[in-house]
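>>> Fold the following for me, if possible:
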Amino acid sequence: MIPSIKIFNMAKKFWLTPPEMYKKLDDEFHFDFDPCPFPRDPSYNALEVEWGLSNYVNPPFTEGRLTGLGPTAFVRKSIEEFKKGKNIVIVVPVQNYVNLALEAGAVVRSMGRPRWLEVETKEPRRDPSPIIALIFQHHL
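Numbers count the residues shown, from 1 in each chain. Just a heads-up that it's a prediction; the model follows:
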């Protein structure tokens, strides 16, 4: 069971989705549920409730770093709900170079957590990071 999200400091800033961005997505996906509404009751936990059929998810980024229930937890919940036949659009932070590559037409492929080899000893890295491949390919 996932622990409840706690709001540590209600005085901190929250950021809402720009209306024009939401409208464009809603016109395409016809959302019927927002698992991360604002404002919300401090006892509400989006990770413990059943989501709708078509969901827009703007998860807590900063709060997640404080609680351990940030974007990764929401991506896991999105996968769980997707496996139930639901549609999910989740917005998460990403490095600028990933957006640049995607906007240029790159395809993303998960490479897992490769255990890179140290140059001199060829010893595998003990703590591999998640890696993606950005593929730029001409289809001739």
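
>>> Distance-wise, check residue 26 relative to residue 127.
40 Å (Cβ to Cβ, to the nearest Å). Glycine gets a C-beta too; all of them are placed from N, C-alpha and C.

>>> Show me which of those two is the more surrounded one.
Set residue 26 next to residue 127 and count neighbours by other Cβ atoms under 10 Å: residue 26 wins out with 15 against 6.

>>> Tell me how far the nearest residue to that one once chain neighbours are set aside lies from residue 114.
Excluding the flanking residues, the one nearest residue 26 by Cβ to Cβ, 6 or more residues apart in numbering is residue 56, at 7.0 Å. For residue 56, the distance to residue 114 (Cβ to Cβ) stands at 33 Å.

>>> hey, C-alpha coordinates of stretch 99-107 in CSV?
Provided in CSV are the C-alpha atoms of stretch 99-107 (Å, rounded to 0.1, in the frame of the first residue of the first chain):
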residue,chain,number,x,y,z
ASN,A,99,12.1,17.6,-25.8
LEU,A,100,14.4,19.0,-28.5
ALA,A,101,14.9,15.5,-29.9
LEU,A,102,11.2,14.6,-29.8
GLU,A,103,10.3,17.9,-31.5
ALA,A,104,12.8,17.0,-34.2
GLY,A,105,11.2,13.6,-34.8
ALA,A,106,13.3,11.3,-32.7
VAL,A,107,11.8,8.0,-31.5
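
>>> How many residues are close by residue 55?
When neighbours are counted by other Cβ under 10 Å, residue 55 comes out with 23.

>>> Residue 101 too?
Neighbours of residue 101 (other Cβ under 10 Å): 17.

>>> how does the chain divide into domains?
Listed domain ranges for the chain are 19-90, 96-135 (source: automatic domain parsing).
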